[in-house]
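*Asks:* this one's sequence-less:
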């Protein structure tokens, strides 16, 4: 493998963030009878419309062919239409819908279980039920959980409410994933209220979106969650990562400056928790590509965001060369393969040609 990309065809490439396209009726068909009238129906798109740019989004057999076209050997799979429903206020309905989605996802991945690797959607209003669903999905082979990135205001991440779930995730060695546009954040207004327009739409797309993941990791680190659960791992999904080294630098600076007069329930620099317990995905992040010369080599993972319209498919190798081609071969290998392989214990040894 060469750092300039000349031998990119011999790389094993794994996408750390790809998506399924949920068929319109999967929740209505699979939830218990009492929830059928309330369960959301998803848009029924024709190929080429909106996010449904490729048939493999909903058909796993097609997906394998499309992965091979892109040279991708395996993908970590997240929902598309389900994402806004992390903002549901009805806890029981959310839990029923998420179980239905997980059942469909497990079936989808069973087509090629070494190459299609699902992340289970977990409702965390009722933490005992959340643990049960996590354990159920773990037995079915899922590789982690996705919970809301912006928690309900009554359930901040630093509260004791989540302790059983953190403990179970640590014991099962299943990373917890925080994906953009999930939960009770700015995007909830767009889905269930007034959509931002004009200039304010841009504030949401960048400033407010970034604030949510920064706040989430601040709580998990500064309130001592990661200190208490040292083997618990989190993944930031689709938030990109070019901002991370600066934020960690600032957190370290102020922690060191004020810990004597304002002690925290942590015993090491905030950036140390990132090194051992936090991972980040990226796909169109040129700034991140430059930072990998000195930072993030062991914790960051390339992705293609397939099958969404802004995916790098079918030219992922071109974008990998653009953003990572200047790096030494051993660093590039970590970012496109080794880090994600090791985090999820993926059994893929040979590249797709």
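*Replies:* Looks like it came in fine. The model shown is predicted, which means the values in this text are computed figures rather than measured ones.

*Asks:* contacts only, for the closest residue to residue 99 other than its chain neighbours.
*Replies:* Of all residues not flanking residue 99 in the chain, residue 133 sits nearest, at 6.2 Å (CB to CB, 6 or more residues apart in numbering). Just so you know, the C-beta spots here come from the backbone N, C-alpha and C atoms, and that holds for glycine as well. Listed by CB atoms under 8 Å, 6 or more residues apart in numbering, the contact partners of residue 133 are 95, 98, 99, 102, 120, 122, 123.

*Asks:* next one: residue 113
*Replies:* residue 141 are the contacts of residue 113 under CB under 8 Å, 6+ apart.

*Asks:* read off the pLDDT value for it.
*Replies:* On pLDDT, residue 113 comes in at 95.

*Asks:* how near is residue 281 to residue 217?
*Replies:* As judged by CB to CB, to the nearest Å, residue 281 and residue 217 stand 14 Å apart.

*Asks:* mutual contacts of the two, please.
*Replies:* With contacts taken as CB under 8 Å, 6+ apart, residue 281 and residue 217 have residue 236 as neighbours in common.

*Asks:* give me the subset of the contacts of residue 133 lying in helices.
*Replies:* Counted as lying in helices by DSSP state H, out of those, are 95, 98, 99, 102.

*Asks:* ok, so of these, who is nearest residue 178?
*Replies:* Looking at these and their distance to residue 178, the nearest is residue 98, at 15.6 Å (CB to CB).

*Asks:* reformat the contacts of residue 133 as a markdown table; add pLDDT, distance to residue 333 and neighbour count.
*Replies:* Output for the contacts of residue 133, formatted as a markdown table (pLDDT from 0 to 100; distance: CB to CB, whole Å; neighbours: other CB atoms under 10 Å):
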| residue | pLDDT | distance to residue 333 | neighbour count |
| --- | --- | --- | --- |
| 95 | 98 | 40 | 23 |
| 98 | 98 | 35 | 27 |
| 99 | 98 | 38 | 23 |
| 102 | 98 | 32 | 25 |
| 120 | 98 | 29 | 24 |
| 122 | 99 | 32 | 30 |
| 123 | 98 | 37 | 23 |
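
*Asks:* now, the most widely separated pair of those?
*Replies:* Using CB to CB, the contacts of residue 133 reach their maximum pairwise distance at 95 and 120, which is 12.2 Å.

*Asks:* can you list the low-confidence ranges for the stretch 201-350 of the chain?
*Replies:* 349 (pLDDT under 70).

*Asks:* all strands for it, in order.
*Replies:* Per DSSP state E, counting those that start in this stretch, the stretch 201-350 of the chain carries strands over the ranges 234-237, 278-282, 300-302.

*Asks:* adding mean neighbour count and distance to residue 203, write those strands out as a markdown table.
*Replies:* As requested, the strands of the stretch 201-350 of the chain are exported to a markdown table (neighbours: other CB atoms under 10 Å; distance: least, CB to CB, whole Å):
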| stretch | mean neighbour count | distance to residue 203 |
| --- | --- | --- |
| strand 234-237 | 25 | 20 |
| strand 278-282 | 25 | 22 |
| strand 300-302 | 27 | 26 |
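
*Asks:* roughly how far apart are the residue nearest to residue 99 and residue 218?
*Replies:* Using CB to CB, residue 133 is found at 27 Å from residue 218.

*Asks:* ditto for residue 139
*Replies:* For residue 139 relative to residue 218 (CB to CB), the value is 34 Å.

*Asks:* contacting residues around residue 286?
*Replies:* Counting by CB under 8 Å, 6+ apart, residue 286 touches 242, 322, 323.
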